[in-house]
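Novice: Quick one, structure for this:
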Amino acid sequence: MNYMNRIAGIMLTILLVVTACSNGEQIKEISHIEPGAFKKYTGTYVGNNSDVIAIVTNLPGGETVQSLNLEKMRRSR
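Specialist: Got it, this is the predicted structure:
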């Protein structure tokens, strides 16, 4: 039993060290992203709804998107 406690203590220490050494920078809102980060995605072909969701979640800050509303826009001539 003492051996198991020692192993658990070592694992906990390693976990704490790894957690303390992490970057800690997390994106909370899409406004935290610089607009230039989206420049390379201009002109991207968008397919169906699941393609749009995949593109948005892979963009910088995409993990902050909670919902998506797609509407077809009519072009005026």
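Novice: residue ranges of the helices in this structure, please?
Specialist: 2-20, 49-58 (DSSP state H).
Novice: Least confident of these, on average?
Specialist: Across these, helix 49-58 has the smallest mean pLDDT, namely a mean of 76.
Novice: tell me which residues in that one are buried?
Specialist: For helix 49-58, burial by neighbour count (16 or more other C-beta atoms under 10 Å) applies to no residue. For every residue, glycine as well, the C-beta is placed using N, CA and C.
Novice: Keeping just the C-alphas, turn it into CSV.
Specialist: Extracted C-alpha coordinates of helix 49-58, given in CSV (Å, rounded to 0.1, in the frame of the first residue of the first chain):
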residue,chain,number,x,y,z
ASN,A,49,-23.1,23.0,-44.0
SER,A,50,-20.7,20.5,-42.4
ASP,A,51,-17.8,21.9,-44.5
VAL,A,52,-18.6,25.4,-43.2
ILE,A,53,-18.6,24.2,-39.6
ALA,A,54,-15.2,22.4,-40.2
ILE,A,55,-13.7,25.5,-41.8
VAL,A,56,-14.9,27.7,-39.0
THR,A,57,-13.7,25.4,-36.2
ASN,A,58,-10.2,25.2,-37.8
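Novice: Quick check: which of the helices of the chain is nearest to Ser31?
Specialist: helix 49-58 (15.4 Å; C-beta to C-beta).
Novice: hmm, back to that, which stretch among the helices of the chain comes nearest Ile33?
Specialist: helix 49-58 (12.3 Å).
Novice: Check which helices and strands that closest one is in contact with.
Specialist: Of the remaining helices and strands, none touches helix 49-58 by 3 or more C-beta pairs under 8 Å, 6 or more residues apart in numbering; DSSP states H and E.
Novice: hmm, back to that, what I need now is the helices of the chain written out in TSV, including distance to Leu68 for each item.
Specialist: As requested, the helices of the chain are arranged in TSV below (distance: least, C-beta to C-beta, whole Å):
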stretch	distance to Leu68
helix 2-20	32
helix 49-58	6
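Novice: Nearest to His32 among these would be which one?
Specialist: The nearest among the helices of the chain, by C-beta to C-beta, is helix 49-58 at 15.8 Å.
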